[in-house]
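Participant: fold the following.
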Amino acid sequence: MSKESALIAALRALAPHPAARGLQDDCAVLDFGGETLILTHDMMVEAVHWLPGQDMADVAWKLVATNLSDLASKGADPVGVLLGFTLGDNDARFLAGLDEALTAFAVPLLGGDTVSANGPRSLGLTALGRATCRPVPDRRGASAGDALWITGPVGAAMLGFEALRDGTDADSTTFRRPTPRLAEGRALAHHVTAMMDVSDGLLIDSARMAEASGVTFDIESTAVPFPARLPSARHDEAMRWGEDYELLFTLPPDATPPVPAYRIGLATAPTRSSVTLDGAVPHGTLGYTHD
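Facilitator: Purely as a prediction, here's the structure:
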């Protein structure tokens, strides 16, 4: 078990409120008056989530987009964001990118906090949303027999990171400026049995949703979509890399999603592994974890 997994397991004892969903979901889901609020918080750290020297405008965009991706996985409409900001170099570029992202996704900045510190910069964002349907989609709803789907390819962010790191002319947009699938999330929310976004890798996030639902997902590698420019020899790596921010969801076996998507596998009764690939247990690390 990674340090991250161990900490989350310990934190569950401190989070008995139903809105926390047992700390097994992307967001908190809080009934408040006549509304259901969706709340999420993500952090980014220099040299972990972005490259030293990277344009801070792209970092700001990504900070907003990754949090809104969590709201997308609940089918939520964004209401606003709160920023946790560590002062540093190129703050003006960060503000320019933040303005671009807030405008692009039509979400207001509502407040936050600033600090100064030594060492690598860390940034945080809390995103607030409003549920568009009830029950709100959950990681815990998949049943044996459900089909597993994804809204788009995996591997583009990995290629984008490498292009940016190596200074090539290849497209790095998916890594620098991901697009949260907000419209797709709202359309899917009324139909899915379970849903989450893919941030840490297709295999590890599939395993997390399977564990939460009490099933095993068998993924067919030939059904998984990849960028055309990705060599087939790197498909397995791409399923473990993450940061593509597509939506991963399940539907009843005969259902068709209301948005373009790819059927990549099937939920079965639980086995000794929460995820299998072409019927076999994948070897090695399934995706990114904070050790």
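
Participant: S221: what's it in contact with?
Facilitator: Shown in contact with S221 (C-beta atoms under 8 Å, 6 or more residues apart in numbering): H235, D236, M239, L277, D278. (C-beta placed from N, C-alpha, C; glycine too.)

Participant: let me redo that: A144
Facilitator: Here A144 is in contact with V215, A267, T268, A269 (C-beta under 8 Å, 6+ apart).

Participant: repeat the analysis, applying 10 Å as the threshold.
Facilitator: S213, G214, V215, T216, L266, A267, T268, A269, P270 (C-beta atoms under 10 Å, 6 or more residues apart in numbering).

Participant: ok, L82 touching T126?
Facilitator: Yes. Under the criterion of C-beta atoms under 10 Å, L82 makes contact with T126 at 4.2 Å.

Participant: now the common contact residues for the two.
Facilitator: H41, N67, L110, G111, G112.

Participant: how much space separates the last one from A210?
Facilitator: Which is G112. Between G112 and A210 the distance is 35 Å, computed by C-beta to C-beta, to the nearest Å.

Participant: then the third one?
Facilitator: When distances are taken as C-beta to C-beta, L110 and A210 turn out to be 35 Å apart.

Participant: determine which two of the contacts of A144 are furthest apart.
Facilitator: G214 and L266 (15.0 Å; C-beta to C-beta).

Participant: who has more neighbours out of these two?
Facilitator: L266 (18 against 14; other C-beta atoms under 10 Å).

Participant: ok so that one is a helix residue?
Facilitator: No. Using DSSP: H, G, I helix; E, B strand; the rest coil, the secondary structure at L266 is strand, not a helix.

Participant: generate a PyMOL selection restricted to the buried entries among the shared contacts of L82 and T126.
Facilitator: This is the PyMOL syntax for the buried subset of these, where burial follows 16 or more other C-beta atoms under 10 Å:
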select buried, resi 67
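
Participant: so which of the shared contacts of L82 and T126 are in helices?
Facilitator: Judged by DSSP state H, helices contain the following of those: N67.

Participant: in the shared contacts of L82 and T126, find the pair that's most separated.
Facilitator: N67 and G111 (14.7 Å).
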